[in-house]
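> my questions concern the predicted model and sequence given below.
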Amino acid sequence: MTTWQDLKTDLSEHGYVAADDLAMALHLSLMLGKPLLLEGAAGVGKTQIAKTLAEIKSTKLIRLQCYEGLDASHAIYEWNYQRQLLAIRADASDEERIFSEKYLLKRPLLEGIQQETPPVLLIDEIDRADEEFEAYLLEILSDFQISIPELGTIKAISRPHVILTANGTRDLSDALRRRCMYAYVDYPNRKTELAILAHRQPGLDAHIATQIIGFVQDLRKEDLEKKPGVAEMLDWAAALSGLGLNDITEDPIALQASLVCLLKTQRDRDAIPTEIAQRLAGQAA
Amino acid sequence: MPATKFPERTNTADRVAGFMAHLRLNGLQAGVAETESALRAIAHLPPNAKEARLALKAICTTNSDTHKSFDDLFNAYWLNPGRIRADVRMTSNNTHRRSLSNKNTLDTAKSGSAGEEKSPDPNGQGEAETSGTGKLIASQYTNIAHTDFREFTRPEDMAHAEAAAAHLARAIRDRRSRRRRAAAKGRTLDLRRTTRASLATGGDPVSLHRKARPDRPVHLTALLDVSGSMSIYARVFMAFLKGLMNHDQRTDAFLFHTRLLCISDALREANTTKAADRLTLMADGFGGGTKIGANLSAFNENYARNRINARSVILILSDGYDTGPPAEITEALKRLRKRGPRIIWLNPLKGWEDYTPVAAGMAAALPHLDLFAAANTLEALAALEPELARL
């Protein structure tokens, strides 16, 4: 029986520094066998936690990327029609043989419930799928079984650890929300983010690491369309160390150029001209 | 410590149940399932406040708003039992307002207005400003508009408005799903069914089955502004709403000025002129200013939750003159948008030459709209049809 602190340590050993409420939500979701719903801005590490969990449990990560118009044949199963037609051609075979597992293409949800060891099932950006799919998902998440008319009901061999992510493209139904543990993943605070950077880029000098985090944290307070996430921060840190900078104030031109890693729209680039970048850098240093 | 403060309730289950009731009072959706999960979680965790807080947070919150307010609610119940619900609300509102008012003073500081402590002050300032410009344009407009709107009092013209509405409703409603279903006259082959049917003919696909994208009717909701500045349009627009309603029973209609009123049922019955007259009277009864932002929030709170989804189209008929703070409109529209509907704003003033959306309310709303169009004449309404079909 592990505690949530153990889980948190495990996560951080695998390179994911989680906030307390996130670690607790994940722990409870594992303990109570309920799905975990993560919400938050893009780039705060929602998807990453599923990957890390799969590493910790040394199990498979099965990922279902949602999109508008996603339907059962892409999410659950589909028959391999070409193969079926060929088989019928080859010999006039009977129905039972054609509709057997051999001709079944398994999609993520079906695959997720058919593993020996419980996998981590990541349903990414659930808010992009439409409401019918959400309703269908609810059914699968509560029963962990799928019926295929030709084959019968397939029951889960093991229950996957389900993690859903959403970033607010549309509101999710209350029914889905209530079936899940919930955690809102916010941008990490200074201390956590520093720990993340230290984990991901162990070679980085502590001096510039502090400056990078200071700069990014201040940058998020500016009026931007798309605030830089953790992934962007890591890219930027890698870029700066690639440029060979030891202090972010030493080369204003290089600093300004490197901001492409953090600012991803034209408007945001205009919003942070050299003067503001320098002011932020000065504050961070 | 809390045990001594709850002398009458000693067991955990009761107190957790009490906490759930407290959460429900504050708008969280905590039911039996949550209570059960909470109890199971608490049984497995070491008994201290920090962990209980984190656990209950993961279980009871369902969105980012509740996730943020949870800590206050938790404190209020477990650590500060003297407080009752109203107090909790008050404090959270107060902090919110304080931060808002700070923002306001920052903004208005440039224009030289003070008002550090009293939050209504800067708002009042903005209000006076907007209604000032509003009156100017509105009165200018009244002079010209009266002539062409007198015509619309005749029953046959009302019928025109109704017919235009029916056309529009049809344009909006014609939506195709992205999925495919079996259909006799579909465009693409349904391989699944074809394969299955081919079994009967020894593997030769003799009967070809087809699939097509089924229609997914759109649910239309109209919000009509019936404030003073809009009153000259009220009758026509009411007929317009009735046209929308007649076309499809699922359509909903609301009136708003200083408060929101659902008129779907009233509009469904009797003849157009009568219904329009009665409702106009009803609307006139309130008169006064408009609170678009507050009404949209009320709509979000009470109706949108159950009725608005990605398959909805919201039609707002208003001139955008608002007596509330524009930030409220922005906030409400943002929230509404999260539910996925298309939002269309029809503004009768937009039909006028040289019109620019200067009213603070209108300007605040613009970035959140899918379509912003004129609605001062029947032609303008009819011209909307292709635009709506494209949305």
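Structure received. Residues are numbered from 1 along each chain as shown, chains lettered A, B, ... in the order given.
> and chain A, which residues reach chain B?
Within chain A, the positions near chain B by C-beta under 8 Å from any C-beta of the partner chain are A:1, A:3-4, A:20-21, A:24-25, A:28-29, A:31-32, A:34, A:39-40, A:68-69, A:71, A:79, A:81, A:84-85, A:88-89, A:92, A:95, A:98, A:130-132, A:168-171, A:174, A:177-178, A:181-184. (C-beta placed from N, C-alpha, C; glycine too.)
> list buried residues within the residues you listed.
A:4, A:20-21, A:24-25, A:28-29, A:31-32, A:34, A:39-40, A:71, A:79, A:81, A:84-85, A:88, A:98, A:130, A:169-171, A:177-178, A:181-184 (16 or more other C-beta atoms under 10 Å in any protein chain shown).
> and these, which of them are in helices?
Using DSSP state H, the subset of these located in helices is A:4, A:20-21, A:24-25, A:28-29, A:31-32, A:81, A:84-85, A:88, A:98, A:177-178.
> relative to B:D370, which of those residues is nearest.
A:R177 (26.0 Å; C-beta to C-beta).
> biggest helix in chain A, by residue count?
Ranked by residue count under DSSP H, the longest helix found in chain A is helix A:206-221.
> CA atoms of the helix or strand just after that one as CSV?
Moving toward the C-terminus from helix A:206-221, the next helix or strand (DSSP states H and E) is helix A:230-243. What follows is helix A:230-243, C-alpha atoms only, in CSV (Å, rounded to 0.1, in the frame of the first residue of the first chain):
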residue,chain,number,x,y,z
VAL,A,230,6.5,24.2,-19.1
ALA,A,231,7.4,22.6,-22.4
GLU,A,232,8.2,26.0,-23.9
MET,A,233,10.3,26.9,-20.9
LEU,A,234,12.3,23.7,-21.3
ASP,A,235,12.8,24.4,-25.0
TRP,A,236,14.0,27.9,-24.2
ALA,A,237,16.4,26.6,-21.5
ALA,A,238,17.8,24.2,-24.0
ALA,A,239,18.1,27.0,-26.6
LEU,A,240,19.9,29.3,-24.2
SER,A,241,22.4,26.6,-23.2
GLY,A,242,22.8,25.8,-26.9
LEU,A,243,23.6,29.4,-27.5
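> what's the mean pLDDT across helix A:230-243?
On average, the pLDDT along helix A:230-243 is 89.
> show me what whichever helix or strand comes after it is packed against.
Past helix A:230-243, further along toward the C-terminus, the next helix or strand under DSSP H and E is helix A:252-258. Applying 3 or more C-beta pairs under 8 Å, 6 or more residues apart in numbering or on different chains; DSSP states H and E, one finds that helix A:252-258 contacts helix A:230-243, helix A:274-284.
> now, of these, which is deepest in the fold?
helix A:230-243 (a mean of 18; mean count of other C-beta atoms under 10 Å in any protein chain shown).
> would stretch B:205-222 count as contacting chain A?
Yes. Contact of stretch B:205-222 with chain A (C-beta under 8 Å from any C-beta) involves B:P205.
> start and end of that stretch, how far apart?
49 Å (C-alpha to C-alpha, to the nearest Å).
> next, the buried residues of it.
Buried, per 16+ other C-beta under 10 Å, within stretch B:205-222: B:205, B:209-213, B:216, B:218-222.
> quick revisit: quick one: which two of the ones in helices among the buried ones among the residues of chain A next to chain B are the most distant?
Across those (C-beta to C-beta), the longest gap, 58.6 Å, separates A:D20 and A:I88.
> many thanks, have a good one.
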